[in-house]
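Visitor: Generate a structure from the sequence data that follows.
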Amino acid sequence: MKKINLAITGCMGRMGQQIIKSVKLNKSFKIVSLTENKSMNKKISGHKPSVNNEFAFKKTDIIIDFTIPKCTFEVLKIASKLKKRVVIGTTGFTKSEEKLIQNFSKKIPILKAGNMSLGINLLMYLTEIASSSLGKNFLSKVFEIHHKHKKDYPSGTALMLGKGIAVGKNKNFYNLIGKKYLNKKNFPYSKKINFNSLRKGEIIGEHEVKFSSGKEIITLNHEAFDRALYSEGALSAAKWLMKKKPGLYSMRDMMNFK
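Guide: Presented below is the predicted three-dimensional model:
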């Protein structure tokens, strides 16, 4: 079986390093290029990391990007020119940046997800169902915990879950975004969706969605214990994307949720 040539951006980051480890255990892929925000002399998995450029991505079939929005758009510009597929695990995009990604997806296949975990994407699906079923009498909020090194908040996953609540209510997510708290012990429900983010230790990721009517509370939650679940999910996404035409896809598309 011919292996899929893979480029990994942000190769020195936590997810970059984890994807490299997962590729070594996956017979479907071969790393052909690694990139970072500056060139490096030392080799990693037999490759000297370079900056993002056409030469770095020329021989790849697909690029996996877990970096920052600025880097992601560097990658998309090059990938669009070279007609390369891209899996985006980067988070923290603005509304206008999301639209830019949609424009790039008209030229190349892109799979974008705030979280590559199969379990988290199932949680989002269940969140949509709960939000739709419970209706207007229930208020909702989202809580998440990540390691102390994570800079953005709320996490991309928390925003995904908030979007799931909005989809269930058939409303525009951006109109439902409420307050964004950081490191609060408690935070309130409101008619909008409030978020609370906790940053401590080396926690990989915990996410919780709560619905309350004032008389009862329904809780949906997910805990991650191994970062490999994200890298393995990204590789599954990359393999699936290889057969797709230009367009913007999600893990939900890959998992065939209706």
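Visitor: Test my guess that residue 23 contacts residue 31.
Guide: Yes: Residue 23 is within contact range of residue 31, at 5.7 Å (criterion: C-beta atoms under 8 Å). (Each C-beta comes from the backbone N, C-alpha and C, glycine too.)
Visitor: Common neighbours of those two, please.
Guide: Common neighbours of residue 23 and residue 31, using C-beta atoms under 8 Å, 6 or more residues apart in numbering, are 6, 8, 45.
Visitor: show me what contacts the residue nearest to residue 16 when sequence neighbours are not counted?
Guide: In this structure, residue 16 finds its nearest non-sequential neighbour in residue 10, 4.5 Å apart by C-beta to C-beta, 6 or more residues apart in numbering. By C-beta under 8 Å, 6+ apart, the residues touching residue 10 are 16, 35-37, 65-67, 71.
Visitor: One more: residue 23?
Guide: Residues counted as contacts of residue 23 (C-beta under 8 Å, 6+ apart) are 6, 8, 29-31, 45, 235.
Visitor: coming back round to it: can you list the shared contacts of residue 23 and residue 31 in CSV and add pLDDT?
Guide: Shown next, in CSV, are the shared contacts of residue 23 and residue 31 (pLDDT from 0 to 100):
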residue, pLDDT
6, 98
8, 98
45, 87
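Visitor: In TSV, list those along with secondary structure and neighbour count.
Guide: TSV is the format used below for those (DSSP: H, G, I helix; E, B strand; the rest coil; neighbours: other C-beta atoms under 10 Å):
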residue	secondary structure	neighbour count
6	strand	24
8	strand	30
45	coil	14
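Visitor: Let me have the residues you listed in TSV, extended by distance to residue 126.
Guide: Shown next, in TSV, are the shared contacts of residue 23 and residue 31 (distance: C-beta to C-beta, whole Å):
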residue	distance to residue 126
6	31
8	31
45	37
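Visitor: which of the contacts of residue 10 lies closest to residue 91?
Guide: residue 66 (8.9 Å; C-beta to C-beta).
Visitor: Not counting sequence-adjacent ones, nearest residue to the most centrally placed residue in the chain?
Guide: When C-alpha atoms, centre = their mean is applied to the chain, the residue found nearest the centroid is residue 114 (2.3 Å). Excluding its sequence neighbours, the residue lying closest to residue 114 (C-beta to C-beta, 6+ apart) is residue 156, at 3.1 Å.
Visitor: ok, now residue 76?
Guide: Excluding the flanking residues, the one nearest residue 76 by C-beta to C-beta, 6+ apart is residue 104, at 4.6 Å.
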